[in-house]
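Asker: Provide a 3D model corresponding to the input given below.
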Amino acid sequence: MSVAILRQGDYLIASVQSDLSDSEVVELRRELTELVGRHRSRGIVIDVAALEVIDSFVARALRSIVLTARLRGAHTVIVGIQPDVAIAMVQFRLNLEPLRVALDLDAAKELLDRMNGGDAEDGG
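Answerer: Next comes the predicted model:
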């Protein structure tokens, strides 16, 4: 799978390295769900900057990751949506609820800290 998943304190950071096949997207959801429980993670950041397209399947999969992680006790923030990808997502009227987005990793971590009540560990 072309996704690097790192642990930073209470958060998991999944960096998508290239476009993903449908089966890789499903595997990412499974792996993140499992890692949230194993590490008792309180948040996930998914960096999609490498994606040139976010189609309806990927958008639904991201929503599924968000909802599944929430049931496991973790919030999720998506970062790095490219301008052209964002425009296409709006034009295709993709349902993005309840996705939370941020511009970059720092903004995502700040958002997760607020969502978790500001008491997340600083795990450099």
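
Asker: Just grab the bridge partners of residue 12 for me.
Answerer: Beta-bridge partners recorded for residue 12 (DSSP bridges): residue 7, residue 44.

Asker: For the residue lying farthest from the centre of the chain, grab phi and psi.
Answerer: Ranked by distance from the centre of the chain (C-alpha atoms, centre = their mean), the top residue is residue 91, with 21.6 Å. When read as degrees, to the nearest 10, the backbone of residue 91 gives phi -60, psi -30.

Asker: Same check on the one 10 residues further on?
Answerer: The phi and psi torsions at residue 101 (degrees, to the nearest 10) take the values phi -130, psi 160.

Asker: so it touches residue 77, yeah?
Answerer: Yes. At 6.7 Å, residue 101 and residue 77 qualify as touching, with contact defined as C-beta atoms under 8 Å. Every residue, glycine included, has its C-beta placed from N, CA and C.

Asker: Settle it for me: which of the two has more neighbours?
Answerer: residue 77 (23 against 16; other C-beta atoms under 10 Å).

Asker: Provide the strand pairings for the strand or helix carrying the more buried one, with the direction of each partner.
Answerer: Assigned by DSSP states H and E, residue 77 falls within strand 75-79. Strand 75-79 pairs in its sheet with strand 43-47 (parallel), strand 101-102 (parallel), by DSSP bridges.
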